[in-house]
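Chemist: Okay, here's the prediction I keep looking at, along with the sequence it came from:
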Amino acid sequence: MAKKVPLRQCIGCNEMKSKKEMMRVLKTAEGEICLDVTGKKNGRGAYLCKSMECLKNAAKNKGLERSFKMSIPKEVYSTLEKEFENLEVQ
């Protein structure tokens, strides 16, 4: 039997994709929000496609707010954008 691939929904475009194709945005117990590159850190995770477009969509349609059930300051999105840019460069 084929191994089941874990699917996650992108909070930007709402598409279902495999976990490996996506970036995990993490909310820690302290309420800090960051990119979880390993996908293994403890905390509440929300998933984004690895595209800036989806991050911008998530900001526009309040995807993170829904996922984490809290209000997200604009700075968090700009920090995530910077982290995203760094990843795309590598």
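Modeler: Arrived safely, thanks for sending.

Chemist: For beta bridges, what are the partners of residue 44?
Modeler: Using DSSP bridges, the beta-bridge partners of residue 44 come out as residue 27.

Chemist: From residue 24, how far out is it?
Modeler: Going from residue 44 to residue 24 by CB to CB, to the nearest Å gives 10 Å. The C-beta positions use only the backbone N, C-alpha and C, and glycine is treated the same way.

Chemist: neighbour-wise, which of these two wins?
Modeler: Each of residue 44 and residue 24 has its neighbours counted (other CB atoms under 10 Å); residue 24 has more, 19 against 14.

Chemist: Verify the contact between the more buried one and residue 39 for me.
Modeler: Yes. Contact criterion CB atoms under 8 Å: residue 24 and residue 39 qualify, at 4.9 Å.

Chemist: hey, what's in contact with both of those two?
Modeler: Common neighbours of residue 24 and residue 39, counting by CB atoms under 8 Å, 6 or more residues apart in numbering, are residue 45.

Chemist: quick one, longest helix in this structure?
Modeler: What stands out as the longest helix in the chain, according to DSSP state H, is helix 74-89.

Chemist: May I see the buried residues of that helix?
Modeler: 76-77, 80, 83-84 (16 or more other CB atoms under 10 Å).

Chemist: now stretch 12-27
Modeler: 12-13, 17, 22-27.

Chemist: Same check on stretch 55-69?
Modeler: 55, 57-59, 63-64, 67-68.

Chemist: Let me know the closest of the buried residues of stretch 12-27 to residue 5.
Modeler: Distance ranking of the buried residues of stretch 12-27 against residue 5, using CB to CB, places residue 17 first at 9.4 Å.

Chemist: Contacts only, for that closest one.
Modeler: 7-8, 10, 49.

Chemist: Okay, and it sits in which element?
Modeler: For residue 17, the host element (DSSP states H and E) is strand 16-18.
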